[in-house]
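Engineer: Build me a model from this:
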Amino acid sequence: MRADFYINDGLINKPNNADGLEIERNFDSDASKSAVSLSEVEFGVGDKSNSNDGAIAIQRHIDGGNSNDVGVFEGLPMHILLDDQKGNRYKIVDGYIDTSKSEVRCGRIKAPFVQKDGIDSLEEKLRGLSPAYLESIGKIGPGDYISCPYVIEKKQNALDIITAIVTIFVVTDKFKEQVTHIQSSIGRLASPFSVSEILALIARIIYMIALFITLIQLIKDLVNALVQPVKYHSVMRVVDTIKVCLSHLGYGFSSTILEGGNYNQAVILAEKYNLKEDNTGDGILQAIPGFFKPDVNEQVGYYKHNFEKLLVGLKEDFNAKIVVVNGVVFFEKKDFVVKAPVFRVPPHEFWEDHKFNWQDIVSNYIFSYQTDLGDQHTIQEYKGTSVSVQTHPKNVRNTQFVLNYGLKDIKSQFALAKTKKELNFLEELILAFLDAISIVLNLLYSVINAVIRVINTLVRTINKIIKFLKKVGIRIKNPIKPIPELAKVDFGQLIEDRIGMLKMERDFVDVNKIFILPDNSNPRENKPPALNEAVFNARFIYENFHYFESPIPQNGWHGNQYKIRRFKDIPFCFNDDYNVRDNNNIFDVDGRVSTLETLKFNPYKQSAEGEYKVPYIYTTNFTETIIEDDGS
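Structural biologist: From the prediction side, this is the model:
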């Protein structure tokens with residue numbers, strides 16, 4: 001058996017420490033792909049005339065940083081080929097030398113090796129990349145954002161309610177007074193050919209129009225002061241955020257969790273601290289902070305932290321496994337299998353030895369979302385935020401000797417979104433007022449418009465007379481202009497369509513929110529569906545994604561009970577290594593599907609040692625109690 005080392009696809013001399021080469025594959029407990037642990041490779045024989053010396057290639061790569069090449073902060077490609085000297089060659093590792101961590105001493109260079117497509121490598125890349133950077137280079141932009149309407153709903157203030165009642169009374173009384181004036185004006189139309197009477201009436205009508213327009217604006221200001229209007233935050237889909245990141249890093253993405261089913265329309269409302277306060281709207285809107293129009297060009301909607309925090313956080317939320325295969329990142333449930341097992345552990349000296357996975361079984365398993373102290377709704381409507389699963393024995397002889405204990409507490413980085421389900425007392429009061437006043441106003445407008453049409457008929461007659469007089473030499477300046485008719489009043493959108501929208505206590509967002517949101521052609525209709533509170537619910541998340549951690553079989557899963565077995569010095573050739581490096585599903589000695597945890601492969605000895613776990617129910621003396629905290 002011979003190992004050949006290549007840098008940039010060029011054959012180089014073996015590293016100084018090549019004879020002690022061992023390939024250690026550590027499988028993430030949630031992933032099928034191994035992370036290669038290769039002791040630091042050391043190149044260099046102190047002879048710079050040797051062109052095949054790896055140290056020379058590494059130093060040339062490092063020096064390139066000062067000559068318009070990539071330099072030290074880009075890995076140098078390296079792979080190792082095993083040759084059994086029978087015509088079979090196998091690429092045992094493929095990745096790069098991390099030259100940024102290299103040590104140069106006495107003509108020798110020592111540096112760590114990093115596996116390409118390894119989960120550790122991916123997480124390091126994600127840690128150094130943020131959506132803000134991708135936005136700065138144009139890979140994230142307004143086309144990726146969705147306008148999310150929301151309403152501000154604070155604790156009701158008694159003074160606000162009293163102010164509303166008094167104002168409603170005063171405004172209603174004024175409307176009654178104006179009805180009397182309009183009726184009186186109609187009565188004075190008995191002498192339609194009196195020009196002075198017509199001109200006076202026109203002036204009166206113009207005054208009335210101005211007065212009612214003012215009153216309408218006052219009503220709108222009153223409503224907006226007591227119940228703030230609908231505003232908009234920009235958000236971005238979870239799956240789009242992940243895809244644009246991985247695409248930038250050269251990876252594809254696949255997920256039945258985030259691309260299909262319940263969560264394909266999941267969005268993140270990221271932290272918001274700097275809000276517009278110089279609005280150009282009408283009246284009091286100019287003094288209220290926030291975005292009143294659904295313009296994705298006015299604010300960003302991307303996640304504000306690095307991508308590692310996002311992806312690892314989602315992995316914890318959904319208890320998912322992240323697997324990298326052939327440049328594609330898979331984000332899937334725990335029972336996801338990349339491919340069927342091939343390798344089978346041969347009989348060996350220790351094959352019956354085992355231990356139990358006791359450390360994986362805890363008596364208290366908690367999953368919870370965040371609350372936002374800046375948004376009382378996440379606290380007041382606490383149900384669905386946290387779930388606790390207590391696992392305890394069914395039969396007990398001595399409680400002091402009970403051995404299942406421990407806590408696993410998973411805290412999401414996200415808070416839940418709360419939607420407006422009904423109008424509060426103040427809104428009901430204002431809505432009743434608006435409904436009543438709309439009827440009165442529209443009646444008044446009908447009367448005024450009827451008067452306007454009569455006046456405009458007279459105006460056209462007078463203008464014809466003026467035109468006739470002009471022909472006979474009598475010139476009258478400034479013919480009378482017709483009065484435009486008024487449109488009907490509609491206050492409906494001020495209150496009615498708020499039901500179903502995202503509600504918040506204030507405009508600022510301190511804790512990221514995650515929820516389902518459609519993207520409709522009319523952004524005002526972008527409301528979280530009823531499905532949202534069902535699927536973003538701590539108990540639902542546990543029962544659909546975290547049940548894999550339970551020792552009790554459920555949902556077709558065998559339960560989280562395993563025998564841990566080991567093997568040592570078993571025959572293991574490079575074809576065996578090929579079958580397990582991207583797939584830790586194996587067969588045990590008896591042919592049962594098992595999971596490979598660790599593997600140390602010596603390519604020169606063609607042997608291996610490692611540890612694997614076999615599903616095995618070693619106790620049925622467990623029961624579960626699910627406690628859904630309602631915050632009381």
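
Engineer: quick one: the helices in the stretch 201-350 of the chain?
Structural biologist: Taking DSSP state H, counting those that start in this stretch as the criterion, the stretch 201-350 of the chain contains helices spanning 238-249, 307-317.

Engineer: Which stretch among the ones you listed approaches residue 452 most closely?
Structural biologist: helix 238-249 (53.0 Å; C-beta to C-beta). No exception for glycine: its C-beta is placed from N, CA and C like everyone else's.

Engineer: which other residues reach that closest one?
Structural biologist: In this structure, residues lying in contact with helix 238-249 by C-beta atoms under 8 Å, 6 or more residues apart in numbering are 122, 125-126, 129, 131, 134, 139-140, 144, 252-253, 255, 258-259, 263-264, 266-268, 302-303, 307, 310-311, 314, 329, 331, 514.

Engineer: got it, and stretch 227-234?
Structural biologist: Surrounding stretch 227-234, the residues in contact under the criterion C-beta under 8 Å, 6+ apart are 145-152, 269, 272, 285, 288, 290-296, 298-301, 426-427, 430, 493-495, 497-498, 501, 507, 509, 523-524.

Engineer: Of these, keep whichever come out buried.
Structural biologist: When neighbours are counted using 16 or more other C-beta atoms under 10 Å, the contacts of stretch 227-234 contain these buried positions: 145-152, 269, 272, 285, 288, 290-292, 294, 296, 299-301, 426-427, 430, 494-495, 498, 501, 507, 509, 523.

Engineer: What about those residues, which are in strands?
Structural biologist: Of those, the ones assigned to strands by DSSP state E are 145-152, 269.

Engineer: Start from the middle of the protein and tell me which residue ends up furthest away.
Structural biologist: Relative to the C-alpha centroid of the chain, counting by C-alpha atoms, centre = their mean, residue 472 is the outermost residue, at 78.3 Å.

Engineer: coming back round to it: how about the helices of the stretch 201-350 of the chain in JSON lines, adding distance to residue 370, mean neighbour count and mean pLDDT?
Structural biologist: Formatted as JSON lines, the entries for the helices of the stretch 201-350 of the chain read as follows, by distance: least, C-beta to C-beta, whole Å; neighbours: other C-beta atoms under 10 Å; pLDDT from 0 to 100:
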{"stretch": "helix 238-249", "distance to residue 370": "16", "mean neighbour count": "20", "mean pLDDT": "96"}
{"stretch": "helix 307-317", "distance to residue 370": "11", "mean neighbour count": "19", "mean pLDDT": "94"}
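
Engineer: closest one to residue 609 among those helices?
Structural biologist: If you check each of those against residue 609 by C-beta to C-beta, helix 307-317 wins as the nearest, at 29.4 Å.

Engineer: Which elements pack onto the closest one?
Structural biologist: Using 3 or more C-beta pairs under 8 Å, 6 or more residues apart in numbering; DSSP states H and E as the contact criterion, the neighbours of helix 307-317 among helices and strands are helix 119-127, helix 238-249, strand 321-325, strand 328-332, strand 407-416.

Engineer: and the direction of it versus that of helix 119-127, what angle?
Structural biologist: Helix 307-317 and helix 119-127 are oriented at 120 degrees to each other (axes from the mean of the first three to the mean of the last three C-alpha atoms, to 10 degrees).

Engineer: and the most centrally placed residue in the chain, what does it touch?
Structural biologist: The centroid of the chain falls nearest to residue 268 when counting by C-alpha atoms, centre = their mean (3.1 Å). Applying C-beta under 8 Å, 6+ apart, we find residue 268 in contact with 235-236, 238, 241, 303, 414, 512-514.

Engineer: Which one of those sits in the busiest neighbourhood?
Structural biologist: Highest neighbour count within the contacts of residue 268: residue 235, with 28 neighbours (other C-beta atoms under 10 Å).

Engineer: ok, the nearest residue to it once chain neighbours are set aside to residue 233 distance?
Structural biologist: Distances taken as C-beta to C-beta, 6 or more residues apart in numbering put residue 267 closest to residue 235, at 4.2 Å, once the chain neighbours are dropped. When C-beta to C-beta, to the nearest Å is applied, the distance between residue 267 and residue 233 equals 10 Å.

Engineer: Neighbour count: the two, which is higher?
Structural biologist: Between residue 267 and residue 233, counting by other C-beta under 10 Å, residue 267 is the more crowded of the two (27 against 24).

Engineer: these two touch, right, the more buried one and residue 147?
Structural biologist: No. Proximity of residue 267 to residue 147 does not meet the contact threshold set by C-beta atoms under 8 Å, at 10.9 Å.

Engineer: Quickly name whichever of the contacts of residue 268 is closest to residue 166.
Structural biologist: If you rank the contacts of residue 268 by distance to residue 166 using C-beta to C-beta, residue 513 comes first, at 37.1 Å.
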